[in-house]
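[1] fold the following.
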Amino acid sequence: MGEANEPRSECPINAAIEVFGDRWSLLVLRDIVFGDRRYFRELQANSIEGIASNILADRLKRLVQSGLLTRADTRPGQRARYSLTEPAIQLVPVFAQLGSWGLRHRPTSSALRVRAEVLEQGGPALWQEFMDELRRSHLGSESPARSPSVRERLNAAYLAATSSS
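    Numbers count the residues shown, from 1 in each chain. Reported below is the predicted structural model:
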């Protein structure tokens, strides 16, 4: 048997699943991508699935080790800020496709399905625009901003859905 860090196979699907295919990693990334939650306490306090602190700490550590997040160096008493890396930003189309699949095949609430509907309707052009926004906020890229931003549109749709339900 190989070492713990060796992949089970060289299959691309296996390689992806080994990085973010556990029960919590994609949800942590989802909350950073769509909720702009960059700190441990924000991620834990606003987790609609109720992630335990030890699980969140473990997943953040794993996501940093796998190169999907960076963790800003901090001094004692400072909060660590997490940022998406380019490979994590490129998961936006995966999130959009997972959301589309969930809309069609799983029971969902009207409030929690609205972002997936906006992403599905916007298609690849919207996904690219959102990835560019994430690059600006997480990587400091200089691409031009559009108004309103995709995040603002997603949040407006979510707020409209939650106020009417």
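
[2] any idea how far the residue nearest to Leu154 when sequence neighbours are not counted is from Tyr39?
    For Leu154, ignoring the flanking residues on the chain, the nearest one in space by C-beta to C-beta, 6 or more residues apart in numbering is Arg115 at 4.9 Å. All C-beta spots, glycine's among them, are computed from the backbone N, C-alpha and C. Computed with C-beta to C-beta, to the nearest Å, the distance linking Arg115 and Tyr39 is 21 Å.

[3] try Ser25
    On the measure of C-beta to C-beta, Ser25 and Tyr39 end up 18 Å apart.

[4] so for the two, which sits in the more crowded spot?
    Neighbour comparison, Ser25 and Tyr39: the larger count goes to Ser25, with 18 against 14 (by other C-beta atoms under 10 Å).

[5] for that one, which non-adjacent residue is spatially closest?
    Using C-beta to C-beta, 6+ apart and skipping the chain neighbours, the partner closest in space to Ser25 is Arg59 (5.2 Å).

[6] so what pLDDT did the one you found get?
    In the prediction, the pLDDT value recorded for Arg59 is 97.

[7] Ser83 touches His138, doesn't it?
    Yes - taking contact to mean C-beta atoms under 8 Å, the distance of 4.4 Å between Ser83 and His138 places them in contact.

[8] more neighbours: which of the two?
    Neighbour count, other C-beta under 10 Å: between Ser83 and His138, His138 has more, with 21 against 17.
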